[in-house]
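In: Structure for this input, please:
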Amino acid sequence: MDIKFNKNEDKNKLKVVELKDKLKKIYLGGGEKRIEKHHSKGKMTARERIDFLLDDKEKAIEIGAFAADQMYEDVGGCPSAGVIVKIGKVSGKQCIIVANDATVKAGAWFPMTAKKNLRAQEIAIENRLPIIYLVDSAGVFLPMQDEVFPDKEHFGRIFRNNAVMSSMGITQIAAVMGSCVAGGAYLPIMSDEALIVNKTGSIFLAGSYLVKAAIGEEIDNETLGGATTHCEVSGVTDYKAKDDQEALTKIQKIMDKIGDFDKAGFNRKKAVKPKLDPKEIYGILPHSRVDQYDMREIIKRLVDNSEFEEYKEGYGQTILTGYARIDGWAVGIVANQRKIVKTTKAKTKPSEMQVGGVIYSDSADKATRFIANCNQKKIPLVFLQDVTGFMVGSKSEHGGIIKDGAKMVNAVANSVVPKFTIVVGNSYGAGNYAMCGKAYDPRLIAAWPSAELAVMSGNSAAKVLLQIEKASLKKRGEKIDEKKEKELYEKVKARYDEQISPYYAAARLWTDAVIDPLETRNWISTGIEVANHAPIEKEFNLGVIQV
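Out: Numbers count the residues shown, from 1 in each chain. Below you'll find the predicted structure:
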């Protein structure tokens with residue numbers, strides 16, 4: 001191994017350590033004192049409840065751990081948006097679990113809490129995946145009610161989705177393990193089966209104080225909406241449990257009886273580990289986002305037996321396309337090639353150099369054809385993003401880069417096979433869209449700690465905005481000296497650098513997670529296993545495109 005490899009390895013391993021340190025803090029939710037208080041009531045934390053349910057907590061993947069990270073600091077923060085979401089197996093059945101974290105503002109709903117819950121339901125709907133709700137929430141965070149309550153993508157959409165999933169035959173199970181008040185009371189009762197924990201669980205549209213204020217009736221919360229009331233008087237809930245463990249065990253027993261599902265039929269053989277060591281990814285991936293490297297070497301450390309069958313290897317070389325297996329699943333890989341390559345347009349023309357990470361007309365054309373092939377063969381698609389955008393300039397514009405780029409975007413948008421996106425490095429501008437960014441409905445999208453997501457890099461953005469500012473000052477007859485120019489540049493770049501961080505994106509759920517590169521195989525494999533629950537019902541159709 002050379003010095004460059006060792007430097008890359010050190011830098012990337014430090015980023016993974018930083019990732020794990022951040023996650024440790026997030027896993028504490030509202031903090032150790034609130035966890036102790038939660039335990040003193042005889043309750044398990046949201047994470048403990050999920051771990052108890054899961055067959056194998058190590059193989060489960062978490063959605064949105066960084067949601068709301070550093071977004072609500074003025075009110076004390078909201079780690080993981082106050083709700084934990086994981087995909088894993090319960091009694092041998094793949095499902096998604098949504099658990100309110102009552103150590104965070106009593107499980108109150110912030111704007112990002114609603115967004116994260118809707119993301120969980122979106123995953124359940126797309127993949128026909130059973131969903132389990134572990135309810136323990138004080139309801140909407142009232143100081144932000146205008147950002148949580150009335151809009152289409154707010155709190156009420158969750159109950160609408162309950163109804164839609166029920167009509168689709170998607171299993172929904174809810175356990176009321178704490179407060180469940182006001183509009184939130186509809187969620188468990190719109191599920192197929194509802195459990196409630198005695199003495200700690202309660203369901204009512206209005207608590208005892210509001211009842212007293214509204215109609216003058218004096219009644220305690222347990223009599224109003226406790227487990228005995230709803231299991232023996234109102235009939236609202238189906239099962240009463242003495243404690244959290246009994247409720248969770250009951251859910252496991254319910255899941256154990258669920259019948260098999262109709263499968264999409266994606267191809268899977270016995271899994272084989274990569275022949276090349278995945279840990280070498282740390283040394284291959286440059287710590288600088290401008291350095292070149294061979295994406296093939298990354299792919300070979302992600303796929304079974306390190307075998308990658310390239311499609312159109314010598315054409316459109318700034319995008320790699322080809323077939324492989326990940327944990328036994330057949331996949332089609334579309335990846336940005338980050339090294340400078342030579343290409344020949346025709347026999348009569350000399351070779352020219354193409355910049356790595358840039359999408360040219362020929363690479364867009366190749367990717368479009370490959371995506372169509374995978375749709376025809378019913379092969380899930382995996383996008384590995386390290387893209388700075390489409391090639392610009394008169395030569396590219398005259399060659400129809402917009403037309404070829406539009407074809408690729410069209411193919412990605414209309415693809416009917418499941419898509420999975422891993423942001424390895426850069427994810428800039430329209431390149432993010434063409435390589436299946438969040439707007440193009442990947443079933444799962446995760447980023448490595450090396451990722452950067454933005455319209456353009458901080459360096460490029462600062463230069464552009466600096467030019468605009470200088471032109472504006474010139475029109476007013478003012479001049480900007482070298483010192484002022486440097487200050488303005490650094491200020492803009494610093495703001496941009498913060499916004500392009502993978503953690504900034506994950507906080508806003510532009511990605512589902514920031515993951516260690518070594519977790520990539522499990523993420524993609526789990527995603528395809530989940531997607532296999534939903535048979536493909538549409539034909540692939542590119543629609544109208546400019547030929």
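
In: For the rest of this, base every contact and every neighbour count on C-alpha atoms.
Out: Fine.

In: CA atoms only: put the helix or strand harbouring Lys483 into PDB for me.
Out: Take DSSP states H and E as the rule and Lys483 turns out to sit in helix 482-499. In PDB, the C-alpha atoms belonging to helix 482-499 read as follows (Å, rounded to 0.1, in the frame of the first residue of the first chain):
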ATOM      1  CA  GLU A 482      -8.500  42.100  -1.900                       C
ATOM      2  CA  LYS A 483      -9.100  41.800   1.900                       C
ATOM      3  CA  LYS A 484     -12.800  42.400   1.600                       C
ATOM      4  CA  GLU A 485     -13.000  39.900  -1.400                       C
ATOM      5  CA  LYS A 486     -11.300  37.200   0.700                       C
ATOM      6  CA  GLU A 487     -13.600  37.800   3.700                       C
ATOM      7  CA  LEU A 488     -16.700  37.600   1.500                       C
ATOM      8  CA  TYR A 489     -15.400  34.400  -0.200                       C
ATOM      9  CA  GLU A 490     -14.600  32.700   3.100                       C
ATOM     10  CA  LYS A 491     -18.000  33.700   4.600                       C
ATOM     11  CA  VAL A 492     -20.000  32.200   1.700                       C
ATOM     12  CA  LYS A 493     -17.800  29.100   1.500                       C
ATOM     13  CA  ALA A 494     -18.200  28.400   5.200                       C
ATOM     14  CA  ARG A 495     -22.000  28.600   5.000                       C
ATOM     15  CA  TYR A 496     -22.000  26.300   1.900                       C
ATOM     16  CA  ASP A 497     -19.600  23.800   3.500                       C
ATOM     17  CA  GLU A 498     -22.000  23.400   6.500                       C
ATOM     18  CA  GLN A 499     -25.000  22.900   4.100                       C
END
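
In: For the stretch 201-350 of the chain, which segments are assigned as strands?
Out: Secondary structure of the stretch 201-350 of the chain (DSSP state E, counting those that start in this stretch): strands at 202-204, 239-241, 309-310, 319-326, 329-336, 341-343.

In: hmm, back to that, can you list the neighbours in contact with the helix holding Lys483?
Out: Applying C-alpha atoms under 8 Å, 6 or more residues apart in numbering, the contact partners of helix 482-499 are Leu453, Ala454, Ser457, Gly458, Asn459, Ala461, Ala462, Lys463, Leu465, Leu466, Tyr504, Ala505.

In: ranking the strands of the stretch 201-350 of the chain by mean pLDDT, which is last?
Out: Here the strands of the stretch 201-350 of the chain differ in mean pLDDT, and the lowest is strand 341-343 at a mean of 74.

In: Quick one: list the elements packing against that one.
Out: Contacts defined by 3 or more C-alpha pairs under 8 Å, 6 or more residues apart in numbering; DSSP states H and E place strand 341-343 against strand 352-354.

In: Buried residues of the strand it packs on, list them for me.
Out: Gln354 (16 or more other C-alpha atoms under 10 Å).

In: Partner strands of that strand, with direction?
Out: Strand 352-354 has the following strand partners under DSSP bridges: strand 341-343 (antiparallel).

In: Locate the residue of the chain with the greatest distance from its centre.
Out: Taking C-alpha atoms, centre = their mean as the measure, the residue most remote from the mean C-alpha position of the chain is Gly477, 48.8 Å away.

In: mind checking which helix or strand that one is in?
Out: Assessed by DSSP H and E, Gly477 sits outside every helix and strand.

In: My read is that Ala99 contacts Ala120, right?
Out: No. Counting by C-alpha atoms under 8 Å, Ala99 stays clear of Ala120, with 10.8 Å between them.

In: Which one's more surrounded, the two?
Out: Between Ala99 and Ala120, counted using other C-alpha atoms under 10 Å, Ala99 has the larger neighbour count: 26 against 22.

In: Phi, psi for that one please.
Out: Dihedral pair for Ala99: phi -130, psi 120, per degrees, to the nearest 10.

In: on that earlier part again, of all the strands of the stretch 201-350 of the chain, which one comes closest to Pro449?
Out: Within those, the stretch nearest Pro449 is strand 329-336; the backing value is 17.5 Å (C-alpha to C-alpha).

In: helices or strands up against the closest one?
Out: Applying 3+ C-alpha pairs under 8 Å, 6+ apart, we find strand 329-336 packed against strand 319-326, helix 361-377, strand 381-387.

In: gap between the second one and the chain center?
Out: Helix 361-377 has its C-alpha centroid displaced from the chain centroid by 25 Å (C-alpha atoms, centre = their mean, to the nearest Å).

In: picking up where we left off before, which of the contacts of helix 482-499 tops the neighbour count?
Out: Each of the contacts of helix 482-499 was scored for neighbours by other C-alpha under 10 Å, and Leu453 scores highest at 28 neighbours.

In: what's the span of stretch 323-335 from first residue to last?
Out: One end of stretch 323-335 to the other measures 11 Å (C-alpha to C-alpha, to the nearest Å).

In: Roughly how far does the residue farthest from the centre of the chain sit from Lys484?
Out: To Lys484, Gly477 is 16 Å away according to C-alpha to C-alpha.

In: What about Ser40, how many residues nearby?
Out: Using other C-alpha under 10 Å, Ser40 is surrounded by 10 other residues.

In: can you pull the contacts of the residue lying closest to Gly82 once chain neighbours are set aside?
Out: Counting by C-alpha to C-alpha, 6 or more residues apart in numbering, Gly82 lies nearest to Asp101, which is 5.1 Å off, once chain neighbours are set aside. By C-alpha under 8 Å, 6+ apart, Asp101 lies in contact with Gly29, Thr45, Ala46, Arg47, Gly82, Val83, Ile84, Gly107, Asp136, Ser137.

In: my read: Gly77 touches Met71, true?
Out: Yes. With contacts counted by C-alpha under 8 Å, Gly77 reaches Met71, the gap being 6.8 Å.

In: quick one: low-confidence ranges for this structure?
Out: The chain contains residues with pLDDT under 70 at 1, 183, 344-351, 398, 544-547.

In: Name the residues that touch the longest helix seen in it?
Out: In the chain, taking DSSP state H as the definition, the longest helix is helix 3-27. Identification of contacts with helix 3-27 by C-alpha under 8 Å, 6+ apart yields 47, 65-66, 79-80, 280-287, 449-450, 514-516.

In: Could you check it and say which residues are buried?
Out: Those would be Phe5, Lys7, Asn8, Glu9, Lys11, Asn12, Lys13, Lys15, Val16, Leu19, Leu23, Ile26, for helix 3-27 by 16+ other C-alpha under 10 Å.

In: burial count for Thr223?
Out: 13.

In: Now do the SS call for Val98.
Out: Following DSSP: H, G, I helix; E, B strand; the rest coil, Val98 is assigned to strand.

In: From Arg47, how far out is it?
Out: Distance, Val98 to Arg47, by C-alpha to C-alpha: 10 Å.

In: now do Ala335
Out: Relative to Arg47, Ala335 is positioned 35 Å away (criterion: C-alpha to C-alpha).

In: Between the two, point out the one with more neighbours.
Out: Between Ala335 and Arg47, counting by other C-alpha under 10 Å, Ala335 is the more crowded of the two (26 against 19).

In: Residues in a beta bridge with the closest residue to the more buried one other than its chain neighbours, which ones?
Out: Spatial nearest neighbour of Ala335, excluding adjacent residues (C-alpha to C-alpha, 6+ apart): Leu384 at 4.6 Å. On the basis of DSSP bridges, Leu384 is bridged to Ala335, Ile422.

In: can you count the residues close to Leu384?
Out: Using other C-alpha under 10 Å, the number of residues around Leu384 comes to 26.

In: For it, give me its contacts.
Out: By C-alpha under 8 Å, 6+ apart, the residues touching Leu384 are Ile333, Val334, Ala335, Asn336, Thr421, Ile422, Val423, Val424, Met435.

In: Nice, that's everything, thank you.
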